[in-house]
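**Q** Sequence first, predicted coordinates after that:
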Amino acid sequence: MALAKTQGETAGEDQTDDLIHSLLDMGEAMIGSGAEIYRAEDTLRRIAAAYGAVKCEVFIITSSIVLTLELPGRRPRTQTRRIRRAVENDFTKLENLNELSREVCANPIPTRELEEKTASLVSTRARRRFLLLGYVLGALAFTFFFGGSLSDALTAGLVGVFIFWMMVYVGPFCMNGVVSEFVASFFSGLIIVLLCRAFPFLNMSHIMIGDIMVLIPGVAFTNSLRDVLLGDTLSGIVRFVEALLLAVVLTVGFLAAILLVGRISA
């Protein structure tokens, strides 16, 4: 009887661990796709309740998830997940994850199946041609918006192609997002300055502002303010500092390119 009791406790702990692992996968996927902290925590609590959890406590910041789960007749268990991958701000993926969470809350599925579906959504990537189109159209549109001419906008779009190549193909080899942001801004700034030197009719300021708007971390800054307003002060401050650091690095990259070409010309 004691052996049967021990086996039953082990099976219950395994069941709890499986559910916690599935919840951590979902939380990491949502944060990595650009979700607000409140939305991710609320989603995990709702999924846990759908699986019969008596209590579910979730604490998330941009780099870590701490989750405590208690199932009926089981002891509470806590696990921590360190989030190391960079935020992608992929709202299509985020919407698909939200849809999966709603389906699971309405009709719970085995935890293994939930893990597989979450992993499948995480592995999906936006089509490269659509990303390229976004970089080009963004640079074009912002250059026009800030008063640039047609030639300025076309040049900004051309540099946008280079930025896309840097972020998609060179970025993964950089140490972190800060380094990749600096590399992309510095080399794109060099190209803009050299093109404006070669073709004096181009306006360097208009071209640069168009390409800067493609790189600026606007979504991260907005989410940081939203986290603070919703009461997630610590997460909001962390995100704000990250966004501010990226903005500073972006400025330093373009400024370094201008100063370098100016010294060479002198």
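**A** Noted; the coordinates are in hand. Numbering: from 1, shown residues only.
**Q** This structure: strands as residue ranges?
**A** Counting by DSSP state E, the chain has these strands, from start to end: 55-61, 64-70, 77-82.
**Q** I'd like those strands laid out as a markdown table, including mean neighbour count.
**A** Heads up, the C-betas are built off the backbone N, CA and C, glycines and all. Converted to a markdown table, those look like this (neighbours: other Cβ atoms under 10 Å):
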| stretch | mean neighbour count |
| --- | --- |
| strand 55-61 | 18 |
| strand 64-70 | 19 |
| strand 77-82 | 13 |
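**Q** what about those strands, which gets the closest to residue 19?
**A** With Cβ to Cβ as the measure, strand 64-70 is the member of these nearest residue 19 (6.4 Å).
**Q** That closest one packs against which elements?
**A** Judged by 3 or more Cβ pairs under 8 Å, 6 or more residues apart in numbering; DSSP states H and E, strand 64-70 is in contact with helix 2-32, strand 55-61, strand 77-82.
**Q** Could you work out which of these reaches nearest to residue 168?
**A** Nearest of these to residue 168, taken as Cβ to Cβ: helix 2-32 at 16.7 Å.
**Q** And the most centrally placed residue in the chain, how far from residue 246?
**A** Residue closest to the average C-alpha location in the chain (Cα atoms, centre = their mean): residue 87, at 1.9 Å. Look at residue 87 and residue 246: by Cβ to Cβ, to the nearest Å, they are 11 Å apart.
**Q** about what we covered before: where does the residue nearest to the centre of the chain land on pLDDT?
**A** The model reports residue 87 with a pLDDT of 72.
**Q** Return the set of residues that bridge with the closest residue to residue 54 other than its chain neighbours.
**A** With Cβ to Cβ, 6 or more residues apart in numbering as the criterion, residue 54 has its nearest non-adjacent residue at 4.7 Å, and that residue is residue 70. Beta-bridge pairing for residue 70 (DSSP bridges): residue 55.
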